[in-house]
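1. coordinates only, no sequence provided:
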């Protein structure tokens, strides 16, 4: 399977919602279902077959969620099971505390763990970023490459509405130079690859995340510089599957997974329906659904694929468009 890594460089600040009404905090992961839906929405105007045959889009490539990168360091989500750390010159009590703080692991260290899963990863304290969330491959590469800044704003009632102005706080991510978010992707054919890259370039001009209409979340990428091949060690004999994006299993796949020996976390996805040209749909919410979060580890001897679904709510109006969410991420065998 040919997998590519695509790096996105952000030209403006970014806020990624965390699934709750808490604008004062931002996530550092942009989930795969949101990215795939955004690509679908902006590409519909150019590729009509996506609308008439959604399978031609959703089933033709698989992606991971967007994770942070710093220069050549690509950070993978820490698996929910199997990975252990051995911090040099650290007491046993502090070992667990340091390991718990780590959320992302350098792809280099991730490969080392996959090649020798029976051994703990040897880690120097200087490899861990300030704050403890990111594990770099070497102490010389460790640095702070993104930071969040809280901005105070005021919500003013619309004309004709009663009420007073209400202050609130809005958190945004800022990336250092040569840092941003990346995702992994496997295309089934060259045609869909060219179509998706075209849609991705358009999406960069529109933005992702919250407050796109005021210039947040704008990004760029150069197809000659910021796209490169990505390889995992051969682990085809493993009997665990790890998802790198949000996973929504098919009904028949559930019976293929030994859930008693699997490790996961659920992520509830919902929110308002975006992109509607009809004002009456602007405040309408899509149906909520639960996905398996990135880094879940499933005990199974079978390949897992997942499915996409339509979260269009029960609404007696033919004008309402489908609301697709995709739970077909990239999987790796460990």
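-> Nice, I can see it. Just so it is clear, the structure is predicted and the values come from calculations on it, not from any experiment. Numbers count the residues shown, from 1 in each chain.
2. pull the contacting residues for residue 193.
-> 61, 187 (C-beta atoms under 8 Å, 6 or more residues apart in numbering). For every residue, glycine as well, the C-beta is placed using N, CA and C.
3. what comes up buried for the longest helix seen in the chain?
-> Longest helix in the chain by number of residues (criterion: DSSP state H): helix 190-206. Residues of helix 190-206 classed as buried by neighbour count (16 or more other C-beta atoms under 10 Å): 192, 193, 195, 196, 197, 199, 200, 203, 204.
4. stretch 55-70 now?
-> In stretch 55-70, the ones that count as buried by 16+ other C-beta under 10 Å are 57-70.
5. then stretch 125-142?
-> 127, 128, 129, 133, 134, 135, 136, 137, 141, 142.
6. next step: those restricted to strands.
-> 134, 135 (DSSP state E).
7. where does the stretch 1-150 of the chain have low pLDDT?
-> 19-21 (pLDDT under 70).
8. give me the contact list for stretch 117-137.
-> So stretch 117-137 is contacted by 68, 70, 73, 75, 82-90, 98, 101-106, 108-109, 112-113, 138-139, 142-145, 334 (C-beta under 8 Å, 6+ apart).
9. give me that answer again for 6 Å
-> Identification of contacts with stretch 117-137 by C-beta atoms under 6 Å, 6 or more residues apart in numbering yields 73, 75, 84-88, 101-106, 108-109, 113, 139, 142, 144.
10. how about stretch 260-275?
-> Taking C-beta under 6 Å, 6+ apart as the rule, stretch 260-275 contacts 19, 41, 80-81, 281, 284-286, 288-293, 296-299, 323.
11. what subset of the residues you listed is buried?
-> Using 16+ other C-beta under 10 Å as the burial test, the contacts of stretch 260-275 include 41, 80-81, 281, 284, 286, 289, 291-293, 296-299, 323 as buried.
12. mind listing which of the residues you listed are in helices?
-> residue 41.
13. for the buried ones among the contacts of stretch 260-275, which one is nearest residue 232?
-> Nearest to residue 232 among the buried ones among the contacts of stretch 260-275, counting by C-beta to C-beta, is residue 297 at 15.0 Å.
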